[in-house]
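Visitor: The sequence isn't on hand, but the structure is:
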Ligand SMILES: Nc1ncnc2c1ncn2[C@@H]1O[C@H](COP(=O)(O)OP(=O)(O)OP(=O)(O)O)[C@@H](O)[C@H]1O
Ligand SMILES: Cc1ncsc1CCO
Ligand SMILES: [Mg+2]
C-alpha cells in the first residue's frame, strides 16, 4: 500500500504532515494564483482536492483588494507577458506589504532574456518559497550570477540540484524546493528530502505548477515554518500520485486518480512504511 515516507533526516513527520493537511481542510485558505494558462485547471482542482480555496485573479486593477483578501499568493511565469509580469510584481509587493506569504514558480527561467529578468525581479521581492524542477533551479542560480553561466573554456560547469537549491536559498533568502525523483527542500542549511511520488507525474502537464500552489496553501497555514510546510505539500502530492497510480493506466487516468486520492487522503496513509 502507498504510504507517507519519512523525510530523510527527520523521523516522525508523518503525523505532522497529517495535522498540516487537517489544518488546510479546516481553514480552507484562499490562494490567489497568477499562473499560466496551461496550469489553471489542474492547479485550481489540486487546491480544491486538498481543501483549499483557489482564485485565479491576475487583473492589476483587482490586485490591491484581492491580495488583501487572500491567505497566500502563488505566482507562476509559465505563459508570461509584460502586462502579467507587472501584475505579478504588484501582487508580490502587496503580499509583502500585508505580511502574507507568496511562492514563486520560475518556469523556464534562463530560456529567454525577458523570462530570466522577470524571474530575477520577482526573486528580489523575496518569495517565501521558490519551487522548480532541477533545470529551473540550476538556471535560476546561474542567472542570479552567483555562478558563472559558462566556464572560461565555454563549457557549463556541472552543478547538481541540491547544490543549486542551497545556493539559491542563500542568495534569495527564500526556501527553495527542487522536485524530481526525490524532492529537496532547503533554507540553504537544512535540507529535507521527500521521496513520495511516481515518475508518470512528469507526463501530466503542470503537476509541478499544481504542487507549487499546494505549497502556498500549506505555507498559508504554517507561515512561520515554510520549510516544513513545503515538504508536507510535496509529500502529500507525491503520496496522492502513488495512491492514484494503483488505479491508473497512463497519464490521463493518473490525473483524475491523483486528484481523487488527494481529496480522500486519511490518517491511515501517514504511518511510515
Ligand atoms: N521521477 C520521479 N519520480 C517520482 N516523482 C516525480 C518524479 N519526477 C517528478 N516527480 C513529481 O512530479 C511532480 C512534478 O515535478 P516536476 O519536477 O516534473 O515539475 P515541473 O517539471 O516543474 O512540472 P510542470 O512544468 O509540468 O509543472 C512533483 O510532485 C515531483 O515530486
Ligand atoms: C506546457 C507549458 N508551457 C508554458 S507553461 C506550461 C505548463 C508546464 O509548466
Ligand atoms: Mg518535469
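Guide: Yep, it's here. Model, not experiment: these values are computed from the prediction. Ligands and ions are numbered 1, 2, ... in the order given.
Visitor: Let me see the contact set for the residue in the chain positioned nearest to ligand 2.
Guide: Going by C-beta to the nearest ligand atom, ligand 2 is nearest to residue 78 of the chain, at 2.8 Å. C-beta coordinates here come from the backbone N, C-alpha and C atoms, glycine included. By C-beta atoms under 8 Å, 6 or more residues apart in numbering, the residues touching residue 78 are 35-39, 105, 107-108, 206, 209.
Visitor: and it, that one's in a strand?
Guide: No - with DSSP: H, G, I helix; E, B strand; the rest coil as the criterion, residue 78 is coil rather than part of a strand.
Visitor: Just give me how far stretch 173-181 sits from the chain centre.
Guide: In this view, stretch 173-181 has its centroid 8 Å away from the chain centroid, taken as C-alpha atoms, centre = their mean, to the nearest Å.
Visitor: when you scan it, is anything in it near ligand 2?
Guide: No - with C-beta under 6 Å from any ligand atom as the criterion, ligand 2 is not reached by stretch 173-181; the gap is at least 11.6 Å.
Visitor: which sections of the stretch 1-150 of the chain are below the confidence cut-off?
Guide: The stretch 1-150 of the chain contains residues with pLDDT under 70 at 6, 8-11, 146-150.
Visitor: Recalculate using a threshold of 90.
Guide: Applying pLDDT under 90 to the stretch 1-150 of the chain picks out residues 1-14, 145-150.
Visitor: What residues does it have near ligand 1?
Guide: So far as C-beta under 6 Å from any ligand atom goes, the stretch 1-150 of the chain lies against ligand 1 at 107, 132-133.
Visitor: can you give me the helices in the stretch 151-273 of the chain?
Guide: Applying DSSP state H, counting those that start in this stretch to the stretch 151-273 of the chain gives helices spanning 161-172, 207-221, 226-245, 251-264.
Visitor: which of those sits most buried?
Guide: helix 207-221 (a mean of 29; mean count of other C-beta atoms under 10 Å).
Visitor: So which elements touch that one?
Guide: Applying 3 or more C-beta pairs under 8 Å, 6 or more residues apart in numbering; DSSP states H and E, we find helix 207-221 packed against helix 13-27, strand 30-34, helix 40-50, strand 72-76, strand 102-105, strand 129-133, strand 175-179, helix 226-245.
Visitor: most tightly surrounded among these?
Guide: For these, the largest average neighbour count (mean count of other C-beta under 10 Å) is found in strand 102-105, namely a mean of 32.
Visitor: Partner strands of that strand and their direction?
Guide: Looking at strand 102-105 with DSSP bridges, its partner strands are strand 72-76 (parallel), strand 129-133 (parallel).
Visitor: what comes into contact with the helix or strand following the first one?
Guide: With elements assigned by DSSP states H and E, the helix or strand that comes after strand 72-76 is helix 82-97. With contacts defined as C-beta under 8 Å, 6+ apart, helix 82-97 is touched by 32, 34, 58-60, 63-64, 67-68, 70, 72-73, 75, 77, 80, 101-102, 104, 118, 121-122, 125-127.
Visitor: do that again at 7 Å, thanks
Guide: Residues from elsewhere that reach helix 82-97 (C-beta atoms under 7 Å, 6 or more residues apart in numbering): 32, 34, 58-60, 63-64, 67, 73, 75, 102, 118, 121-122, 125-126.
Visitor: of those, closest to residue 259?
Guide: Distance to residue 259, by C-beta to C-beta, is smallest for residue 32 among these, at 20.8 Å.
Visitor: can you tell me which residues contact the closest residue to that closest one other than its chain neighbours?
Guide: Among residues not flanking residue 32 along the chain, residue 70 sits closest, at 4.0 Å (C-beta to C-beta, 6 or more residues apart in numbering). Counting by C-beta under 7 Å, 6+ apart, residue 70 touches 30-32, 100.
Visitor: just so I know, which of the helices and strands packed on helix 207-221 lies nearest ligand 3?
Guide: strand 129-133 (4.7 Å; C-beta to the ion).
Visitor: right, and the helix or strand after the closest one?
Guide: Next along the chain after strand 129-133, taking DSSP H and E as the criterion, comes helix 134-143.
Visitor: which helices and strands does that following helix pack with?
Guide: Here helix 134-143 touches helix 113-123, helix 161-172, strand 175-179, going by 3 or more C-beta pairs under 7 Å, 6 or more residues apart in numbering; DSSP states H and E.
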